[in-house]
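Colleague: Everything below, folded, please.
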Amino acid sequence: MAAALAIILFLSVAAAVFAFGAAAYAPSSLLGARLRQLKWDKAEAPQKPAFKERLEQALDPLSKAIPLSPSEVSRTRAWLIQAGYREPRHLTIYVGMRVLGALLGMAAVVGISGFQSLPLIIAVGGLGFFLPRFLLKRKIRERQQLIKLALPDALDLTVICVEAGLGLDQAMMRVGQDLRHAHPEMSDEFHMVNLEMRAGKPRAEALRNLSERTGVDDIKALVATLIQTDRFGTSVAQALRVHSDSLRTERRQRAEEQAAKTTIKMVVPLVLFVLPSIIFVTLGPAVIQLIRTLAPTAAGR
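Modeller: Just a heads-up that it's a prediction; the model follows:
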């Protein structure tokens, strides 16, 4: 009897707790709404800002330490866009990193050797100041190389889509979706062109913006071809096919040019590294034998 009463009491308490929790946390519960109004629920912990936001907040005062003219700002923004950094905060981060690099370089030299070598402090500070620009230029070249490698595939897919009956806008959208995993840089640029045309920009202006964002000569030639085709009303598929063939010919000529330059570039390492080794291996035994033969004669004299 006592065990039954204990079980009944336990089930009653559990049912009451479950009913109260369900009533308090149900989305449509009046009790839960009333308890939330009375601040019965614990206040949510404030979310910490993301690392990028904290980095931007830390570098913002440093970025304002260098007064930039509008021309320098536009030029730096163009470089950042060509590297794939399009947001306005990237300019703040870039300039702040340049100032921070200069300060850290000078602080490191001062901490190691003090103020004894002022030229070394200035040199290391200048190195830290120009290092982000060097990295940015490297990033631009890498991205442009990836776009160059992706352009033939993009042209072939565009020709197929246009010949299948799609318009140029829809073809570029479809090609951008298909190249999302294989060539994300080219897919991103095609997506930006479609966004600009959806926003109301003329096709010619959107294509010119594409050439300015990438800075690739092959893209500039493609944009010029598409603009002329759109202006004169000629066949887009035929123009793309001719441009694709000319692009392949140009790439083959570039490969042949690089192959022809290889022999000239190999002269310096051959002279500095390979030729001395060959001389030592070839003439070394003869020189050793000559020394062994002439050494007793010289000693006898």
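
Colleague: make it CA atoms for all contacts and neighbour counts henceforth
Modeller: Will do.

Colleague: Domain ranges for this structure, per the record?
Modeller: Domain assignment for the chain, taken from automatic domain parsing, gives 52-141, 145-251.

Colleague: What is the end-to-end distance of the last one?
Modeller: This means domain 145-251. Counting by C-alpha to C-alpha, to the nearest Å, you get 13 Å between the two ends of domain 145-251.

Colleague: Distance from the chain centre to it, please.
Modeller: 21 Å (C-alpha atoms, centre = their mean, to the nearest Å).

Colleague: Report the mean per-residue pLDDT for that domain.
Modeller: Averaging pLDDT along domain 145-251 yields 89.

Colleague: Use 28 as the first number for this chain going forward.
Modeller: Taking 28 as the first residue, the last one we looked at is domain 172-278.

Colleague: OK, contacts around Thr309?
Modeller: Shown in contact with Thr309 (C-alpha atoms under 8 Å, 6 or more residues apart in numbering): no residues.

Colleague: SS state for it?
Modeller: helix (DSSP: H, G, I helix; E, B strand; the rest coil).

Colleague: chain center to stretch 104-118, what's the gap?
Modeller: With C-alpha atoms, centre = their mean, you get 10 Å for stretch 104-118.

Colleague: If we go by neighbour counts, what in it is buried?
Modeller: Arg104, Ala105, Trp106, Leu107, Ile108, Gln109, Ala110, Gly111, His117, Leu118 (16 or more other C-alpha atoms under 10 Å).

Colleague: mind checking which of the domains of the chain is nearest Val295?
Modeller: domain 79-168 (25.4 Å; C-alpha to C-alpha).

Colleague: nearest to Arg278, of the buried residues of stretch 104-118?
Modeller: Distances from Arg278 to the buried residues of stretch 104-118, taken by C-alpha to C-alpha, are shortest for Gln109, at 22.1 Å.

Colleague: In CSV: the buried residues of stretch 104-118, plus pLDDT and distance to Leu234.
Modeller: What follows is the buried residues of stretch 104-118, written out as CSV (pLDDT from 0 to 100; distance: C-alpha to C-alpha, whole Å):
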residue, pLDDT, distance to Leu234
Arg104, 90, 19
Ala105, 90, 16
Trp106, 92, 18
Leu107, 92, 19
Ile108, 90, 15
Gln109, 91, 15
Ala110, 91, 18
Gly111, 89, 17
His117, 87, 24
Leu118, 88, 24
